[in-house]
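the following block contains a protein sequence and its predicted model.
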Amino acid sequence: MPSRTSPARAASRRVASSIDVVILTPRGRRLLVLLTRGPARSRERWQLPWHPLRPADTIDDVAAQLARRVLGTRPSLVEQVAAYGDRRRHPAGADLSVAFLALVESESAAGADKNSAWFPVDDLPPLPPRQRAMLEGVLTSLRVRIDQSPIAFHLLPSTFTLTQLQEIYELLLGRRLHKASFRRSLHAAWLVEPTDEWRSEGRGRPAQLFRYAPRKRRGGRRGVRFGI
């Protein structure tokens, strides 16, 4: 498990490599990213959560433990996205930084570390240049993969309405989707199954709750393909 070395202490000495985690959650119609306070003398007040990487560390374990420590709960997904070895400035002066994506549904995001705060991805404070590039790279990767992978389900509770699911897809894609076309694409992908539960959504009829339950099919596709 990573030690509790603070970014402020680690940044006082140059590190060779770092693990940086982009933690995302939905809130209303916006996608938020979790940032942590930088050291008092840092150029930017806010940073992505990061941790120095030591020779004996396993990068997947460090990323998962870092995300869990900052969030106060286990994220629903943590996965490596890309490595950055460019000359853009990192808070620790790291020569190499490995970017991870972490996702958490909104209710579980409430217990984040007191030295952290959620910011809309389209209204961010200044970030260290490499971390800004890492955040943009992670968001691009997420949006490119959304119609090929069931990644949206990691931002939802275990049961949800189809309206909730569509809102998550719209949030990640950055555009509105036609309701009937979305549901046809969703059912064609065989990703969800109905439960016996219903939930009131506004003034209309109660909506049935669904769960993520992909059925096996040839080719192994598990995404929702949008040709709309």
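Looks like it came in fine.

bridged to Leu35, which residues?
For Leu35, the beta-bridge partners are Ala117 (DSSP bridges).

surely it and Pro128 touch.
No - Leu35 lies out of contact with Pro128 (Cβ atoms under 8 Å); the separation is 10.9 Å. The way it works is simple: take the backbone N, C-alpha and C, and place the C-beta from them, glycine included.

remind me which residues of this protein are low pLDDT?
The chain contains residues with pLDDT under 70 at 1-13, 202, 216-228.

off-centre distance for the helix ranked longest in it?
Ranked by residue count under DSSP state H, the longest helix found in the chain is helix 129-145. Taking Cα atoms, centre = their mean, to the nearest Å, one finds helix 129-145 lying 11 Å from the centre of the chain it belongs to.

and what of stretch 60-76?
That offset, for stretch 60-76, works out to 12 Å (Cα atoms, centre = their mean).

buried residues, it. List them.
Neighbour-count burial for stretch 60-76, with 16 or more other Cβ atoms under 10 Å as criterion, is recorded at 62-68, 70-71, 75-76.

which of these fall in helices?
Secondary-structure check on those using DSSP H: residues within helices are 62-68, 70-71.

give me the domain ranges for the chain.
Per the record, the chain has its domains at 7-126, 151-220, by automatic domain parsing.

right, so these: which one is the most enclosed?
Of all those, domain 7-126 carries the top mean neighbour count, a mean of 18, counting by mean count of other Cβ atoms under 10 Å.

for the closest residue to Arg43 other than its chain neighbours, what are its contacts?
Computed as Cβ to Cβ, 6 or more residues apart in numbering, the closest residue to Arg43 that is not its neighbour in sequence is Pro128, at 7.2 Å. Residues in contact with Pro128 (Cβ atoms under 8 Å, 6 or more residues apart in numbering) are 42-44, 47, 88-91.

Leu53 and Val62 touch, don't they?
Yes - taking Cβ under 8 Å as the definition, Leu53 is a contact partner of Val62 at 6.4 Å.

common neighbours of these two, please.
With Cβ under 8 Å, 6+ apart as the test, Leu53 and Val62 both reach Ile19.

now do the longest strand along the chain against helix 129-145, angle only.
Criterion DSSP state E: the longest strand present in the chain is strand 17-27. Counting by axes from the mean of the first three to the mean of the last three Cα atoms, to 10 degrees, strand 17-27 lies at 50 degrees to helix 129-145.

adjust the sequence numbering to begin at 23 for everything that follows.
In the new count, where the first residue is 23, that last one comes out as strand 39-49.

quickly run through the sheet partners of strand 39-49, with directions.
Counting by DSSP bridges, strand 39-49 is paired with strand 52-59 (antiparallel), strand 72-74 (antiparallel), strand 118-125 (parallel).

let's have those in JSON lines, adding distance to Val214.
JSON lines is the format used below for these (distance: least, Cβ to Cβ, whole Å):
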{"stretch": "strand 52-59", "distance to Val214": "22"}
{"stretch": "strand 72-74", "distance to Val214": "36"}
{"stretch": "strand 118-125", "distance to Val214": "18"}
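
Arg233 is nearest to which of those?
Nearest to Arg233 among the strands paired with strand 39-49 is strand 118-125 (17.3 Å), distances taken as Cβ to Cβ.
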